[in-house]
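J.: build me a model:
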Amino acid sequence: SAAGAIPRFLDMKIEPFLLVSTLNIIIAQRLVRKLSDKKEKYKLSKDELAALRKTVDLDRVLKALRDEKIVKANEDWDDISFWKPIASKDDDGYKSRVGIHEVLKVSNTIKDLIIKGATSAEIEAQAKKEGMLTMLEDGIFNAVQGNTTIEEVLRVISE
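T.: Numbers count the residues shown, from 1 in each chain. Alright, predicted model coming up:
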């Protein structure tokens, strides 16, 4: 995670006051397999949504999807389509890779947390309050847009 970079810097014996004076932004990324053009829409089942809800705040993600106009304002998770590959003998349904990202803006509040020795979880919680999307949330964005599958996002995030 992006917030996890801060303890790594501290482990390298970089003083917190130096970190806060030089860090502006931290970007974490993972690559997921990108769906080829051979793909089909499907809806997540109630059980799949319940399982996903255990790992991510789906209400927060839905609000962000609506804010970015990726889904309509009146759509709910029951209305949102995801994508899956159509595999063939010669093709697994994926082609290339696409990045999922987490961008942590080092605000004054986050700088204060670093100076006070806050944990990466506390820093991440503050960054999320300030609007940061986690890699998992960005992965869900990509899955809704048909760039990858929700299964691929979960596979890569759990590694």
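
J.: can you give me the strands for this structure?
T.: With strands called from DSSP state E, the chain shows them at 25-35, 39-43, 81-85, 94-105.

J.: which parts of the protein are helices?
T.: 5-11, 16-22, 46-53, 58-67, 108-115, 120-129, 135-144, 150-158 (DSSP state H).

J.: between those helices, which gets nearest to residue 99?
T.: helix 135-144 (8.7 Å; C-beta to C-beta). The C-beta positions use only the backbone N, C-alpha and C, and glycine is treated the same way.

J.: distance from the closest one to the middle of the chain?
T.: Computed by C-alpha atoms, centre = their mean, to the nearest Å, the chain-centroid distance of helix 135-144 equals 5 Å.

J.: name the nearest residue to the residue minimising distance to the centre of the chain, ignoring sequence neighbours.
T.: Centroid-nearest residue in the chain: residue 135, 2.1 Å away (criterion: C-alpha atoms, centre = their mean). Among residues not flanking residue 135 along the chain, residue 102 sits closest, at 4.4 Å (C-beta to C-beta, 6 or more residues apart in numbering).

J.: one more: residue 49?
T.: That would be residue 77: by C-beta to C-beta, 6+ apart, it lies 5.6 Å from residue 49.

J.: do the same with residue 4
T.: residue 120 is the one closest to residue 4 (C-beta to C-beta, 6+ apart), at 4.9 Å.

J.: so the one you found makes contact with residue 9?
T.: No - in this structure residue 120 lies outside contact range of residue 9 using C-beta atoms under 8 Å: 11.0 Å.

J.: just to revisit the earlier point, how about the helices of the chain, which one is nearest residue 85?
T.: Closest among the helices of the chain, once you apply C-beta to C-beta, is helix 150-158, at 9.2 Å.

J.: now do that closest one: which elements does it pack against?
T.: When contacts are defined as 3 or more C-beta pairs under 8 Å, 6 or more residues apart in numbering; DSSP states H and E, helix 150-158 packs onto strand 25-35, strand 94-105, helix 135-144.

J.: isn't residue 94 right up against residue 83?
T.: No - in this structure, residue 94 is not within contact of residue 83 by C-beta under 8 Å, at 11.2 Å.

J.: thanks a lot, see you next time.
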